[in-house]
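1. what shape does this take:
(chains A and B)
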2 protein chains.
Amino acid sequence: MSVKPVLINGEWKNSSGPQTFHAFNPATKEQLPEEFPVSPWTEIDEAVQSAAKAAEVVRSWPGSRFADFLRKYADLIEQRADALVKAAHAETALPVSPRLKDGELPRTTGQLRQAADAAESESWREATIDTANGIRAMYGPLGPVVVFGPNNFPFAFNGISGGDFAAAVAAGNPVIGKGHSSHPETSRLFAEAAHQAAQETAMPPGFVQMIYRTNHEDGAKLVSHPLMGGCGYTGGRHAGLVIKEAADKAGKPVYLELSSINPVCLLPGALKERGDEIAADFASSCLMGTGQFCTNPGIVLLLAGEATDQFIEATVGKFQAAAVGTLLSGGAQKGLTEGIITLQSAGADLLTGGEAGGGDGYCVKNTLLKVSALDFLANPGKLQTEVFGNASLYIIANSAKELKQVIRTFEGNLTGCIYSQSEGEDDSLYDQVAPLLRQKVGRLLNDKMPTGVAVSPAMNHGGPFPATGHPMFTSVGIPASIKRFSMLQCFDNVRPHRLPAVLQDNNSIKDCWRLIDGKWSQKSVGE
Amino acid sequence: MSVKPVLINGEWKNSSGPQTFHAFNPATKEQLPEEFPVSPWTEIDEAVQSAAKAAEVVRSWPGSRFADFLRKYADLIEQRADALVKAAHAETALPVSPRLKDGELPRTTGQLRQAADAAESESWREATIDTANGIRAMYGPLGPVVVFGPNNFPFAFNGISGGDFAAAVAAGNPVIGKGHSSHPETSRLFAEAAHQAAQETAMPPGFVQMIYRTNHEDGAKLVSHPLMGGCGYTGGRHAGLVIKEAADKAGKPVYLELSSINPVCLLPGALKERGDEIAADFASSCLMGTGQFCTNPGIVLLLAGEATDQFIEATVGKFQAAAVGTLLSGGAQKGLTEGIITLQSAGADLLTGGEAGGGDGYCVKNTLLKVSALDFLANPGKLQTEVFGNASLYIIANSAKELKQVIRTFEGNLTGCIYSQSEGEDDSLYDQVAPLLRQKVGRLLNDKMPTGVAVSPAMNHGGPFPATGHPMFTSVGIPASIKRFSMLQCFDNVRPHRLPAVLQDNNSIKDCWRLIDGKWSQKSVGE
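-> Model prediction:
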């Protein structure tokens, strides 16, 4: 079987690199037939040069052009849904239904269409007009963007179809998609659809490009290339920090999602009131997708007591009774088992699970661990190791003071949840805990598990380092996610006819919100 | 004379460090009498601990509390205007009038009051309400901020009174001001006023703190301290990159303004039409404040021809005729003369000036250099050395193609200007040049020199690296500058009475704009 081509400069080309790789089916541990290339630097540089040319071509285009592409692409993805679902299932073992077919695929096309709407209305640009000073500003395109997708969402976060891709395109940037090495065929099918959509909507050759794999050194060179505008990365912390260091050094914006253990704080009144319900919520949230969500509840904070004992007993039962899901790869199994050992070596006790097996292919038994708050506080770094998968750690505090001390040691996280009694019994404790947790997380939840990330303008799928690289940005939620791939562009005394349409006196763009002399408006200047 | 105390944890304390330093009067080269401490790490750490405590106290306060402080502080600065102007004049040699007294001081209090208004209205938080999903988000405070101020604006960019300070406070953050070592007495006087304002408006002890100097290692430790929220830095590129590397590694937001040569492109029709006027504009812009502005026009791009020859001749005359201003320090004189030598060694010819002297104290003769576009393209890195002061480099292109090639090699800059003929004679050249320059600069100007930075919501005093650390942010202009010192905070299913006021259904904050279900509004939800 011949090596699959890369998509560079508007053409499917045979890679010039000698190295190749295969994906594996995690449910059978068998190698899949398709062979993919590791792209050498010359090839990557060719993609960058082509993307930079495309950026010059599209830089002043109206948002509607990018909307056309995004909508066409969403349509073509739907036409190829069966093939995409089949490939992704083979490469990730994620269930066809409800996950891939009915969940992630519609979410992915939905994101692309939301991004299209935002690109068309141009409200995301936050056009700001100061008529007295003759100064106008907006967010404009950043330049070529490379997107590294993770393995756990082969559709919705894929480098060539996911949220970062949609956001970077909506901002008017060419994208080089870097497929995840564990699902290259899925990525290739997306790239075929993206390429066709680009041709049908007359985008320039380097607007959408696709490579499957690079070595680490070339990845770092890519994100720091002088012609690149910026980078989106979702994945493991170690590789992400290599990318971050290279991009930071070159002064290139880099948006990362690295790791998160998503603390859940169950206050005693809530457990007394509805412990069974919360136990069911938690088990379902932690085991869903074999726990392989960025927002998986990896730490549960509890106050010692009878209700807590009952909660632990109930959840241990549920974890033992639940089917053991397949993990995304051999690497995921290795990472999970090693992570569990790390927690134990740092003082956590195993309540259930902890060993490989119990299901199909790569898998680890559903796992719960426990540690006292005092032991946690003795080794908070190691005990915050992200254990990615169907596992969680209970931290048992003896007092509100211990609970707060634990929260103070937390690293940055995407989410933090607090469950409290519905009549206000826990409110004084809530008032102590919530402000501390608030500063450590991007999204604070009440009475709700963190898995489930709505594509909402008010969503924050982000948070303080090391959850992400910068606490001001979200990778989910439009239009906020689009702004990441932009630069602020001020026009000072620029002649009116030379201004971008969105900054001209007459508001010719449908539904576009602009900040005119301090007031948000959809009208024209002076209207 | 005793060593001046530092302001830590709400008290003026004697520094525990053994090292001290003095400032110098740049006009006389004489040491000034006041002695200031270099703060050791224990003292800096004490400030961080105190700031973190203050952050916990003020984190949920309404914006009006920060507005009260900022307004009181502005009032107290005005009361102490004479002493501030006197100290700054002695430490920087900047003219008392019109610069310090009538220009920079009112600008500084104006910024503080604009920031107060923004803090009070809370519109800067961009409260976003999604009623259907029960999700709400806003920008909230980041945590303690350290601000490093530059030497060239002892008031308007001072670490304890300038734009970054005002923005960080308006966002609800305690600030540790790091005074510039060349104007410590000016900074001390500000800190006295800030401390009094903090006491009179009942801010917690660590809300405003002041240190004068640290060693480089401790500066890096400070910006990467786990309890710090972020950092603002304006100053030289070398020290800034040390700060950036430390902050980046720790995942702390860092906002830098590092260097900019602000290319000005004079198209031939404009020179033919109004060459004398442009020559006067340019000379005035380049020599104002002895050229020590971040937006000083350090490069002028010209097409070879008679009008260009006349422009060069006219400006050489003006530079020779103009008084030579005093530079900010001996270091500034050294940097400027060395920079001029660097440009010459890279192929530039000296047209006038180039040597120290010609005025009072530290000074260098008004300087112009010239290089052909071809020679520039042979060494674009060295020929973009920032030569901070009363000097500029002409680049002479023989064709539009060369002009564009030169622009393609530019690093990121704060500003870029294009002068063109008023009837459209230059328009086809403008259309080729402007899109290239647009991507390289934060602010694009027409027919106007870059010095003069209005405090406008539409201003961008920012730009691609290395002008700043991130092209999405401006350090001048409210409310955009405030957002830098914030994090995105999402509230998912949080019980209504627990939401911050700005996210509750009822809009209780005067003039506050919120994005409710996709529409900007000052009303309450459902109103």
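
2. pass me the low-pLDDT residue ranges in the stretch 351-500 of chain A, would you?
-> The model of the stretch 351-500 of chain A has no residue with pLDDT under 70.

3. so which residues of it form helices?
-> In the stretch 351-500 of chain A, the segments counted as helices under DSSP state H, counting those that start in this stretch are A:373-378, A:400-409, A:427-440, A:480-483.

4. how about a markdown table for these, with mean neighbour count and distance to residue A:45 added?
-> Just so you know, the C-beta spots here come from the backbone N, C-alpha and C atoms, and that holds for glycine as well. Listed next are the helices of the stretch 351-500 of chain A as a markdown table, based on neighbours: other Cβ atoms under 10 Å in any protein chain shown; distance: least, Cβ to Cβ, whole Å:
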| stretch | mean neighbour count | distance to residue A:45 |
| --- | --- | --- |
| helix A:373-378 | 18 | 48 |
| helix A:400-409 | 18 | 44 |
| helix A:427-440 | 18 | 41 |
| helix A:480-483 | 27 | 27 |
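
5. closest one to residue B:418 among those helices?
-> helix A:480-483 (26.7 Å; Cβ to Cβ).

6. what's the closest of the helices of the stretch 351-500 of chain A to residue B:243?
-> Comparing the helices of the stretch 351-500 of chain A by their distance to residue B:243 (Cβ to Cβ), the top pick is helix A:427-440, with 22.8 Å.

7. all strands of the stretch 1-150 of chain A, in order?
-> Ranges of strands within the stretch 1-150 of chain A are A:6-8, A:11-13, A:20-21, A:24-25, A:30-31, A:36-37, A:128-130, A:135-141, A:145-148, based on DSSP state E, counting those that start in this stretch.

8. that older thread, how about the helices of the stretch 351-500 of chain A in TSV, adding distance to residue A:13?
-> TSV is the format used below for the helices of the stretch 351-500 of chain A (distance: least, Cβ to Cβ, whole Å):
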stretch	distance to residue A:13
helix A:373-378	53
helix A:400-409	51
helix A:427-440	47
helix A:480-483	30
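
9. what's the closest of the ones you listed to chain B?
-> helix A:427-440 (5.9 Å; Cβ to the nearest Cβ).

10. excluding chain neighbours, what is closest to residue A:19?
-> residue A:38 (3.9 Å; Cβ to Cβ, 6 or more residues apart in numbering or on different chains).

11. now do the one you found against chain B, distance only.
-> 29 Å (Cβ to the nearest Cβ, to the nearest Å).

12. give me the neighbour count for that residue.
-> Look at residue A:38: counted by other Cβ atoms under 10 Å in any protein chain shown, it has 18 neighbours.

13. residue contacts, it?
-> Residue A:38 is in contact with A:15, A:17, A:19-21, A:212-215, counting by Cβ atoms under 8 Å, 6 or more residues apart in numbering or on different chains.

14. now with 10 Å, please.
-> Counting by Cβ atoms under 10 Å, 6 or more residues apart in numbering or on different chains, residue A:38 touches A:15, A:17-21, A:181, A:211-215, A:218.

15. secondary structure class for residue A:341?
-> helix (DSSP: H, G, I helix; E, B strand; the rest coil).

16. touching, it and residue A:364? I think so.
-> No. Residue A:341 is beyond contact range of residue A:364, at 11.3 Å (criterion: Cβ atoms under 10 Å).

17. please identify every residue contacting each of these two.
-> A:354, A:387.

18. between the two, which has more neighbouring residues?
-> The neighbour comparison of residue A:341 against residue A:364 (other Cβ under 10 Å) goes to residue A:364, with 29 against 14.

19. I'd say the more buried one and residue A:287 touch.
-> No. With contact defined as Cβ under 10 Å, residue A:364 does not count as touching residue A:287 (11.6 Å).

20. common neighbours of those two, please.
-> Counting by Cβ under 10 Å, 6+ apart, the common neighbours of residue A:364 and residue A:287 are A:324-325, A:389-391.

21. show me which residues of the stretch 1-150 of chain A are close to chain B?
-> Contact residues, the stretch 1-150 of chain A versus chain B (Cβ under 10 Å from any Cβ of the partner chain): A:52, A:55-56, A:59-60, A:117, A:121, A:123, A:126-143.

22. from those residues, list the buried ones, please.
-> Taking 16 or more other Cβ atoms under 10 Å in any protein chain shown as the criterion, what is buried in those is A:52, A:55-56, A:59, A:117, A:121, A:123, A:126-130, A:133-143.

23. ok, residue A:371 to chain B distance?
-> Residue A:371 sits 22 Å away from chain B, going by Cβ to the nearest Cβ.

24. do the same with residue A:301
-> From residue A:301 to chain B the distance is 18 Å (Cβ to the nearest Cβ).

25. now that residue. Nearest residue, chain neighbours left out?
-> Distances taken as Cβ to Cβ, 6+ apart place residue A:265 nearest to residue A:301, at 4.4 Å, with adjacent residues excluded.

26. are we agreed that the one you found is in a strand?
-> Yes. Judged by three-state DSSP, residue A:265 forms part of a strand.

27. excluding sequence neighbours, find me the nearest residue to the residue in the stretch 151-300 of chain A that chain B sits nearest to.
-> Here the residue of the stretch 151-300 of chain A nearest chain B is residue A:251; by Cβ to the nearest Cβ that distance is 2.4 Å. Nearest residue to residue A:251, sequence neighbours excluded (Cβ to Cβ, 6+ apart): residue B:465, at 2.4 Å.

28. cool, residue A:95 as well?
-> Nearest residue to residue A:95, sequence neighbours excluded (Cβ to Cβ, 6+ apart): residue A:89, at 7.5 Å.

29. now do the contacts for that neighbour.
-> Counting by Cβ under 10 Å, 6+ apart, residue A:89 touches A:25, A:27, A:95-97, A:99-101, A:154, A:186.
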